[in-house]
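Chemist: please find the sequence and the predicted model below.
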Amino acid sequence: MEELRRIIQTEFTVSEYYMDVDGTPVFLLPSNQETKAPFQRLVEKLKIYNIFAVLRYSSQLKREYKLTPSPEDENGKQLLALKVFPKMEEGKRKGPVWNLAFLIATICTVTYAGYWWVNDYNSFGVLVSSISGPWYGWYTDPSLLIVGFTVALLSILGTHELGHYLASKKRGIEASLPFFIPAPPPIPFGTFGAVIFQRSPSVNRDNLFDLGLMGPVSGFIIALFVAVLSIKFMPLIYPNVLYEMYQLEFQLNLFVLNFLLNVYNTSPAIAFVLGQLLLNSGYFPYLLIGQSLFKEPLLFSILRLLLRPETAFIDFAFNPLYLATWIGFFVTALNLAPAGMLDGGHMFRAFLSRRAHYIASIIVVIIMITISWIFIAVAVLALVSLRRAGHPGALDDVSPLTASRKIIFIVMMFILAITIPLIGWNFSLF
């Protein structure tokens, strides 16, 4: 205790110290002193002893760590409470060979998924060419398209996780290399994304915010670049072709509905529901007008009208690069959701208390589910990740977030709004 007190007093004024009921040292500090920089220096000094500290207001520490008293100073103000813990022993770390193995597996599954998307894309090109004849802009080389889809998608996802990894290294936070998660068929994109595992907590709110920020920002920049490429090579569909395709869509809907009504003798209501599931299942070419689940994000619409203004008056086809862009925007929006342990949740927690963040996460989850059915699984995951204790926050939960980061958070919420695709069921059977 005396040695700890001596070390802590090199950075803080200590008014009282004692051993808590759980056997850990607690140091009470007057609240009228600088905390951010001194605490950072203290964390470095404690590392050589294989221990770490958390800094809270005394009442906050009482709730989170069951601190026995909640003392105040002579003026009735809350004291700061610094509690010291031994670092937990780490298990044996897996070597980078596992990261490489998962990356190779993901390349294979994404390439396989790209094969099917490109097959649909080129099949649709043949269909359109049969109506109007071939025209410039449709690329039918499968190898080029598959490689383009795979490289674009993995670049977006990989850069996202690399942003987290580099931010962790810069802030002195221990983290694993990115793990890519393969998704075998029938998962349509060939991957569940990628993750890194954080092995040490963020020192303060600024570091926690930066850790959550750098992933979405990095992936978003690459997704923007891929979006520009996809718009540049976007085949256009002219009105006469569009008319023929609407006729084809009508015939397809009519065929499915009649098939369910007459062959299976189902009721109209059941036929409608089954028809929706069938038409949205991916077994039909996704490029048919009105049958696509890929609702265009607002940002892509803006970029398209800026770079290809003619698309305001005629339709266009979704090339494989567009699919990579769509996934990139979707991943960005999903991770920016300010809930749970998502990237946006880390940023949100950086200027909210644990309890406020927990309540805000529940509200955000309800909004996510209201927006679209596709967010249900992610919304549940966001809540489960919190558990009962909520987001632990940074070691120093007293020092405030900088004003510039609060402004950046508002900007990122704007990016969330313009990159989120509003995905819903297809009601063309009406």
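Modeler: Thanks, I have it.

Chemist: switch to C-alpha atoms for all contacts and neighbour counts from now on
Modeler: Noted.

Chemist: any idea which helix or strand in the protein has the lowest mean pLDDT?
Modeler: helix 268-279 (a mean of 64; mean pLDDT, DSSP states H and E).

Chemist: pLDDT score assigned to Ser404?
Modeler: pLDDT, Ser404: 95.

Chemist: OK, contacts around the closest residue to Thr13 other than its chain neighbours?
Modeler: Spatial nearest neighbour of Thr13, chain neighbours left out: Leu29 (6.0 Å); criterion: Cα to Cα, 6 or more residues apart in numbering. For Leu29, the contacting residues are 12-16, 79-82, by Cα atoms under 8 Å, 6 or more residues apart in numbering.

Chemist: then Phe27 would be within a helix, right?
Modeler: No: assessed with DSSP: H, G, I helix; E, B strand; the rest coil, Phe27 is strand; it does not lie in a helix.

Chemist: re earlier: show the buried residues in the contacts of Leu29.
Modeler: 12-14, 79-82 (16 or more other Cα atoms under 10 Å).

Chemist: distance to Ile410 added to those, as a markdown table?
Modeler: A markdown table is the format used below for the buried ones among the contacts of Leu29 (distance: Cα to Cα, whole Å):
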| residue | distance to Ile410 |
| --- | --- |
| Phe12 | 34 |
| Thr13 | 36 |
| Val14 | 37 |
| Leu79 | 32 |
| Leu80 | 30 |
| Ala81 | 31 |
| Leu82 | 31 |
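
Chemist: looking at these, which two lie furthest apart in space?
Modeler: Using Cα to Cα, the buried ones among the contacts of Leu29 reach their maximum pairwise distance at Phe12 and Leu79, which is 12.5 Å.

Chemist: burial count for Asn262?
Modeler: Asn262 sits with 11 neighbouring residues when counted by other Cα atoms under 10 Å.

Chemist: for it, give its distance to Phe255.
Modeler: 10 Å (Cα to Cα, to the nearest Å).

Chemist: circling back: tell me what the residue nearest to Thr13 is bridged to.
Modeler: Taking DSSP bridges as the rule, Leu29 bridges to Leu80.

Chemist: element containing the residue nearest the centre of the chain, please.
Modeler: Closest to where the C-alpha atoms of the chain average out (Cα atoms, centre = their mean) is Asn335, at 1.9 Å. Taking DSSP states H and E as the definition, Asn335 sits inside helix 320-336.

Chemist: downstream neighbour of that helix in the secondary structure list?
Modeler: Using DSSP H and E, the first helix or strand after helix 320-336 is helix 343-349.

Chemist: what packs against the strand or helix carrying Asn207?
Modeler: Per DSSP H and E: Asn207 is located in helix 205-232. If contacts are counted by 3 or more Cα pairs under 8 Å, 6 or more residues apart in numbering; DSSP states H and E, helix 205-232 sits against helix 142-170, helix 298-307, helix 320-336, helix 343-349.

Chemist: one more pass at 6 Å, please.
Modeler: With contacts defined as 3 or more Cα pairs under 6 Å, 6 or more residues apart in numbering; DSSP states H and E, the packing partners of helix 205-232 are helix 142-170, helix 320-336, helix 343-349.

Chemist: and Thr191, what are its phi and psi?
Modeler: phi -160, psi 150 (degrees, to the nearest 10).

Chemist: right, and it touches Phe180 too?
Modeler: No: between Thr191 and Phe180 there is no contact under Cα atoms under 6 Å: 7.8 Å.

Chemist: quick one: strands adjacent to the helix or strand just after the helix holding Asn207?
Modeler: Next along the chain after helix 205-232, taking DSSP H and E as the criterion, comes strand 236-237. Sheet pairing of strand 236-237 (DSSP bridges) gives strand 315-316 (antiparallel).

Chemist: other residues contacting the partner strand?
Modeler: 235-237 (Cα atoms under 6 Å, 6 or more residues apart in numbering).

Chemist: stretch 187-202: how far from the chain's middle?
Modeler: Distance of stretch 187-202 from the chain centroid (Cα atoms, centre = their mean, to the nearest Å) equals 9 Å.

Chemist: the residue nearest to the centre of the chain contacts Met341, doesn't it?
Modeler: No: assessed by Cα under 6 Å, Asn335 is found out of contact with Met341, at 9.2 Å.

Chemist: taking the contacts of Leu29 together, which two end up most distant?
Modeler: Farthest apart among the contacts of Leu29 - using Cα to Cα - are Phe12 and Leu79, which lie 12.5 Å from each other.

Chemist: tally of neighbours for Phe124?
Modeler: 17.

Chemist: can you tell me the SS state at it?
Modeler: helix.

Chemist: now stretch 229-236: mean pLDDT?
Modeler: 86.

Chemist: run the chain-centre distance for the strand or helix carrying Phe409.
Modeler: Using DSSP H and E, Phe409 sits in helix 403-419. Centroid separation for helix 403-419 versus its chain: 14 Å, with Cα atoms, centre = their mean.

Chemist: try stretch 233-246
Modeler: With Cα atoms, centre = their mean, you get 34 Å for stretch 233-246.

Chemist: with stretch 225-232 instead?
Modeler: Relative to its chain's centre, stretch 225-232 lies at 21 Å (Cα atoms, centre = their mean).

Chemist: and it, C-alpha only, in CSV?
Modeler: Below are the C-alpha coordinates for stretch 225-232, written out as CSV (Å, rounded to 0.1, in the frame of the first residue of the first chain):
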residue,chain,number,x,y,z
PHE,A,225,-13.6,4.6,-53.9
VAL,A,226,-15.3,1.4,-54.9
ALA,A,227,-18.6,3.2,-55.3
VAL,A,228,-17.1,5.7,-57.8
LEU,A,229,-15.7,2.7,-59.8
SER,A,230,-19.1,0.9,-59.7
ILE,A,231,-20.9,4.0,-61.0
LYS,A,232,-18.3,4.5,-63.8
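
Chemist: in that stretch, what's buried?
Modeler: 226-228, 230-231.

Chemist: just send these back as a markdown table, with distance to Val365 too.
Modeler: Below are those laid out as a markdown table (distance: Cα to Cα, whole Å):
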| residue | distance to Val365 |
| --- | --- |
| Val226 | 29 |
| Ala227 | 28 |
| Val228 | 32 |
| Ser230 | 32 |
| Ile231 | 33 |
